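*Asks:* Predicted model follows, preceded by the sequence.
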Amino acid sequence: MTPEELTSKIKATFAEKVEELPAVTGIPAFKVKPEHLEEVCTTLVSDPELNFDNLPCLGGIDYPETNEIGVVYCLFSFAKRHHLNLRVIMPRDNPEVISVSKFWVAADWFERETAELFGIKFKDHPDPRPLLLIEEWDEGYPMRRDWEGKDFIRMPETGQEK
Amino acid sequence: MFELEGIFSAVGDFLASFLGAPLLQIVSIIAVAGVVIGFLMVLALFLVWWERKLSADFQVRIGPMRTGPHGVLQTIADALKLLQKEDIVPLTADKKVFFWAPVICFVTCFLAYICMPFGKGLIVRDLNIGILYIVAITTFTVISLLMAGWASNNKYSLLGGMRSAAQIISYEVPLSLSLLGAVMLAQSLSMVTIVQGQGGSFLHWYIWRQPLGFLLYVTAATAEVNRTPFDIPEAEQELVAGYNIEYSGMKFAMFFLAEFINMFTVCAIAATLFLGGWNPPFEFLSFIPSWVWFLGKSLFLVFILMWFRWTYPRLRVDQLMAFAWKFLLPLAFLNIIVTGFLIYLFE
Amino acid sequence: MMVDSPDRPEPLTGDRNLETEEFVVNMGPQHPSTHGVCRLILTMDGEVIKKVVPDIGFLHRSIEKIAENRTYHQFMIYTDRIDYVSSMNANHAWCVAVEKLAGIEVPERAEYLRVIMAELNRIASHLVFLASFAIDLGAVTPFLYAFRERERIVDLFEMTCGQRLTYNYMRIGGVSKDVPKDFVSETKKFCSYLYPRVDEYEAILTENPIFLGRTKGIGLLDLPTAINYSVSGPPLRGSGLKWDIRKDEPYSAYEKFDFDIPTGENGDTWDRYKVRIEEMRQSARIVEQALEGLPEGGIKAKVPARFRPPQGEAFARIEAPRGEMAYFIVSDGSTKPYRVKIRTASFCNLQALPVMARGWKIADIVAIFGSLDIILPEVDR
Amino acid sequence: MGVVQKVPVYLEKIPGGGLITTSLDAVLNWSRASSLWYLLFGTACCAIEGLMCTGASRYDYDRFGMIFRASPRQADLMIVAGTITNKMAKRVKILYEQMSEPKYVIAMGGCAIRGGPFYYDCYSVLRGVDLVIPVDVYVPGCPPRPESILEGCLKLQQKIKKQKVSDWSKTEKFIPEPK
């Protein structure tokens, strides 16, 4: 499916459950409310025309200015050869979203990593242990943009940044 | 004129001229043991160096170069260094067993040489059950490996010990059976008689009458001394170092040297039983001393084993067992039956 | 070597019933066959593996955090270190992503040079795979042979950019410098030298009965599982899917070259090995074609030192030797990226290891792990 | 400590024993310097250069009598090749403690020396392996060329050859506290 067809198809299928975002370098992007994610993903996987069988990438993203935090899902279909970019935006205080690892097993580790580094809780995750950090880690969520740790040294300005 | 037999008997006569009979007995035992052990130690050091140089040749490298010309002193440096290393006994190890395992391994590897014919008349004791004795004594290794694996209280070494027990016991069967063919031909278990039975030209060597037996023996012997492709007890990539994972310093050196001496032992047995032992291939070559032939043939087989090691991948443990029981063992039985039948037919 | 010390088992007393029990073996972080600092917790029943739990993060160097505090140019050196075995490909992925984000046109000569470098590095990476895979199976000698050839590739890179491992050769909008004048002839010489060498590896390994016994039918990965686990690269092709981003979503100058995508049939360890061996030949073919058609012209588009891409997002993926490597970049219009998510092949491929290894022996897990060709900085980042 | 170390301590007490210990020193130091078995332990980029390339045919550690051992008990030299993260740091310390004396450490590459490119803006990297274990030789570079790591090994050999066996029993073990 071409990106345009995919955009209209998704708009038609999910109506107001999704909200269109500017395309990510040609890939249609949509915002989904956390409570709708499970339903949307079920359709994305099972609908024969959409058939998203692969999850190449999943990552968190933090917006401290607007006090929001999000999860980005990059989806791909080997059967239909099309991409899709989904986004879930949540409040920063207690972010919680359903785990998609029952649709794509690959999400398992991605979600563990995101949960550990961003502090996003994934409901119904099959194995919610931390993944990357040291076992005794107690300094919060380091990938949040306003995070400061006791051992964390910021690079001095080199002049190239401005 | 370079036969060592004369020298040894001359030394014996010289000692006998001023020592009484009981004292002579003791002195000669100590002297012979010293000579044999000294020779084997030097040989083991040489084999380690040779293996490193050979592997370097196979692998487009040059190997040790900095210690002595072409690194000949390399293994001496290694041995001296290992003597200086801290002797670690893990806290949770079974200390007595941990100590005795390398000792047993090291001591038993020399015992096989009691009835090994190094040359014409160069044998410590010509036991009339020679080959049986050697096969029995070489199996002792398995006890020490199992002890080492168990006593270290490390899961990897335990796996290594268990594997070596399973492997050596399995391969012991085809190994002994493959030797039987040669024994049947010689009608004797004595090593000297077997060698004498192959006198004359190289056509009298048992390898021509026992080709299958020879191949079976070399295969089983490779497994017996834990060399690639059968080196699963110390498989570096799976078990890190296998049974000797917790050993350091001198104890490790004992395992290490014993491994090379064992390798020489099985090759020497093969040379004796199948390649005519100390006999030269042609009569006119008999001016070369007999021990040179024995050493040359054994080292040639050692070279073959090293060649295996640097060429083949490693088998998996179940494949290894299947190979022993489903392939080698039936062939060994077949070999015995055919040999017996032919002996009956021609004699 | 086990790092965490085991508890001493209780002594066996007479009245205790003898029973078999599963035991847990700790493989790593320092273990010869985990290719770095990965820890596998194996639950075993004798030699048979019941369960594998990978424990990662021993090389988590917070590269994604660093990316938020570096300019787009400065981050290039970190891409080298994400995948050091094929850093040209990692460079390439970052360049493609940023260029997509900012809409930069790259001169054709630069694209060709990138393809040449990336493919040479793919050969080098597969040689490292071959070397370590052979060692995992207990054959030491192919390691030395593979590294002999790799040294020649490294020489070519050194001649071009002066580094042996972390090349930092590509730049946003092109490459850092043109190749020296001997490069083309030397590389051609290398390609014609490589084909017989690859045949030699096949002679020593591919049809060796022990090698076949150790790899054929071991560690099966069927295609639906592979796709669901997001497995990519040679393991995915080994499972039978003809999928290569170089062909199916061409980037750089790949659409101009003619090459085949090797695939396996069963998805076993041998197939994954064979796919990589065949890919080396195909990569050499691409390099030869690119050298033939190497156009003249500039090597770098004009990109300012204080480079500010427009506000927006970009997702770009390339086919690295280990599989799909992707960058998801969010730009807020400043000189530094707002967020960089790095998707690496090893991260997803390693996740599929428990499925592939279950029920095999401890010796097989080494072979399966080796056939996935994991490198740990890619897993941990 | 092995048996050999205790001998020179007693030897030095008898007259003329110093002469013996000096020549003994020379021989023992020579043996230790020419047989540095290194631990097969690489973490990151430097492992490819420092352990694999340098062990392969063009550079060939074996020329100096250096072979790899997978078990730390049998290794003399730990080449810390690559970044050490906080999670890895305590494992490195355990590995070092598992090695048997005398043991030596080469810190290879910027990361092992001072954190390298991961010094700033990084929440998980140990800034220098010498915060955890004592280091004998530092080999800078990112990663160092195989020639430099060989140079580092030769420097270590020189260092070993200056040691005195009789000093061993007196030297205090330096084990720094983990961070």
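*Replies:* Noted; the coordinates are in hand.
*Asks:* CA atoms for contacts and neighbours, from now on please.
*Replies:* OK.
*Asks:* ok, whichever residue of chain A sits closest to chain C to chain B distance?
*Replies:* Per Cα to the nearest Cα, residue A:132 is where chain A lies closest to chain C, at 3.9 Å. Distance, residue A:132 to chain B, using Cα to the nearest Cα, to the nearest Å: 25 Å.
*Asks:* in the chain, what spans have low per-residue confidence?
*Replies:* Picking chain A for this. Chain A contains residues with pLDDT under 70 at A:158-162.
*Asks:* Chain C is the one I meant
*Replies:* Applying pLDDT under 70 to chain C picks out residues C:1-20, C:33-34.
*Asks:* Report the contact partners of whatever residue of the stretch 51-200 of chain C ends up closest to chain B.
*Replies:* Using Cα to the nearest Cα, residue C:139 is the residue of the stretch 51-200 of chain C that sits closest to chain B, at 4.1 Å. For residue C:139, the contact set (Cα atoms under 8 Å, 6 or more residues apart in numbering or on different chains) comprises B:309-314.
*Asks:* so it sits in a helix?
*Replies:* No - counting by DSSP: H, G, I helix; E, B strand; the rest coil, residue C:139 is not found in a helix; it is coil.
*Asks:* hmm, back to that, where does the residue of chain A closest to chain C sit: helix, strand or coil?
*Replies:* Relying on three-state DSSP, one would call residue A:132 coil.
*Asks:* got the contact list for it?
*Replies:* A:113, A:116, C:56-58, C:60, C:380.
*Asks:* Return the member of these nearest to residue C:97.
*Replies:* residue C:380 (20.7 Å; Cα to Cα).
*Asks:* Do stretch C:292-304 and chain A come into contact?
*Replies:* No - using Cα under 8 Å from any Cα of the partner chain, we find that stretch C:292-304 stays clear of chain A, coming within 10.7 Å at best.
*Asks:* so how far is residue B:89 from the residue of chain A closest to chain C?
*Replies:* Residue A:132 is 34 Å from residue B:89, where distance means Cα to Cα, to the nearest Å.
*Asks:* And for stretch D:113-127, what's in contact with it?
*Replies:* Contacting residues not belonging to stretch D:113-127 are listed as A:133-134, A:142, A:149, A:151-155, C:60-63, C:65-66, C:69, C:78, D:83-87, D:89, D:107, D:109-112, D:128-130, D:138, D:140, D:142 [Cα under 8 Å, 6+ apart].
*Asks:* The one helix or strand residue C:109 maps to close to chain D?
*Replies:* For residue C:109, the host element (DSSP states H and E) is helix C:108-136. No - against chain D, helix C:108-136 shows no contacts by Cα under 8 Å from any Cα, the least distance being 9.0 Å.
*Asks:* can that helix be found next to chain B?
*Replies:* Yes - using Cα under 8 Å from any Cα, we find that helix C:108-136 touches chain B at C:134-136.
*Asks:* if we can go back for a sec, show me which of the contacts of residue C:139 is closest to residue C:195.
*Replies:* residue B:311 (21.2 Å).
*Asks:* would the closest one count as being in a helix?
*Replies:* No - according to three-state DSSP, the state of residue B:311 is coil, so it is not within a helix.
*Asks:* Any figure for the gap between it and residue B:230?
*Replies:* Per Cα to Cα, residue B:311 is found 12 Å from residue B:230.
*Asks:* what's the burial count for residue A:135?
*Replies:* By other Cα atoms under 10 Å in any protein chain shown, the residues close to residue A:135 number 11.
*Asks:* how about it, what does it touch?
*Replies:* Counting by Cα under 8 Å, 6+ apart, residue A:135 has contacts residue D:87.
*Asks:* is it true that it lies in a strand?
*Replies:* No - counting by three-state DSSP, residue A:135 is not part of a strand but coil.
*Asks:* Point out the residues in the stretch 251-381 of chain C that sit beside chain D.
*Replies:* With Cα under 8 Å from any Cα as the criterion, the stretch 251-381 of chain C meets chain D at residues C:376-377.
*Asks:* Now the residue in chain B that chain C sits nearest to. Nearest residue, chain neighbours left out?
*Replies:* For chain B and chain C, the shortest gap (Cα to the nearest Cα) falls at residue B:313, measuring 4.1 Å. The shortest distance from residue B:313 to any non-neighbouring residue, by Cα to Cα, 6 or more residues apart in numbering or on different chains, is to residue C:139 (4.1 Å).
*Asks:* Wait, residue A:145 touches residue A:67, no?
*Replies:* No - when contacts are counted by Cα atoms under 8 Å, residue A:145 is not listed as touching residue A:67 (11.2 Å).
*Asks:* the more surrounded of these two?
*Replies:* Neighbour comparison, residue A:145 and residue A:67: the larger count goes to residue A:145, with 16 against 11 (by other Cα under 10 Å).
*Asks:* ok, the contacts of residue C:139 vs residue D:55, which is closest?
*Replies:* Distances from residue D:55 to the contacts of residue C:139, taken by Cα to Cα, are shortest for residue B:310, at 15.8 Å.
*Asks:* can you pull the pLDDT of that closest one?
*Replies:* On the pLDDT scale, residue B:310 is placed at 83.
*Asks:* Spit out the contact partners of it.
*Replies:* Listed by Cα under 8 Å, 6+ apart, the contact set of residue B:310 reads B:55, B:58, B:228, C:139-141.
*Asks:* do that again at 7 Å, thanks
*Replies:* Residue B:310 makes contact with B:55, C:139-141, according to Cα atoms under 7 Å, 6 or more residues apart in numbering or on different chains.
*Asks:* Give me the distance between it and residue B:58.
*Replies:* Residue B:310 sits 7 Å away from residue B:58, going by Cα to Cα.
*Asks:* Likewise for residue A:79?
*Replies:* Distance, residue A:79 to residue B:58, using Cα to Cα: 49 Å.
*Asks:* The two: which is more packed in?
*Replies:* More neighbours surround residue B:58 than the other of residue A:79 and residue B:58, with 16 against 13 (other Cα under 10 Å).
*Asks:* all strands for chain C, in order.
*Replies:* Using DSSP state E, the strands found in chain C span residues C:23-27, C:39-45, C:48-55, C:170-171, C:174-175, C:312-320, C:323-331, C:337-343.
*Asks:* Kindly compare burial across the ones you listed and name the winner.
*Replies:* Highest mean neighbour count among the strands of chain C (mean count of other Cα atoms under 10 Å in any protein chain shown): strand C:174-175, with a mean of 26.
*Asks:* In terms of secondary structure, what does it contact?
*Replies:* Applying 3 or more Cα pairs under 7 Å, 6 or more residues apart in numbering or on different chains; DSSP states H and E, we find strand C:174-175 packed against no helix or strand.
*Asks:* backbone phi and psi for residue A:68, please?
*Replies:* Backbone geometry at residue A:68, expressed as degrees, to the nearest 10, gives phi -130, psi 160.
*Asks:* just the one 4 residues further on next, same as before
*Replies:* Residue A:72 has phi and psi values of phi -110, psi 130 when expressed as degrees, to the nearest 10.
*Asks:* ditto for residue D:125
*Replies:* phi -110, psi 140.
*Asks:* same deal with residue B:151?
*Replies:* The phi/psi pair for residue B:151 (degrees, to the nearest 10) is phi -70, psi -30.
*Asks:* and the end-to-end length of stretch A:136-143?
*Replies:* 17 Å.
*Asks:* Can you name the residues that contact residue C:131?
*Replies:* So residue C:131 contacts C:142-143, C:146 (Cα under 7 Å, 6+ apart).
*Asks:* Residue A:94 too?
*Replies:* Counting by Cα under 7 Å, 6+ apart, residue A:94 has no contacts.
*Asks:* still on that earlier bit, I'd like the distance between the residue nearest to residue B:313 and residue C:215.
*Replies:* Relative to residue C:215, residue C:139 is positioned 13 Å away (Cα to Cα).
*Asks:* How about residue B:153?
*Replies:* 32 Å.
*Asks:* Residue B:214 too?
*Replies:* Note on residue B:214: its distance to residue C:215, by Cα to Cα, is 30 Å.
*Asks:* so how far is residue C:54 from the spatially most central residue of chain C?
*Replies:* Note on chain C: the residue nearest the mean C-alpha position is residue C:322, at 2.8 Å, using Cα atoms, centre = their mean. Applying Cα to Cα, the value for residue C:322 to residue C:54 is 18 Å.
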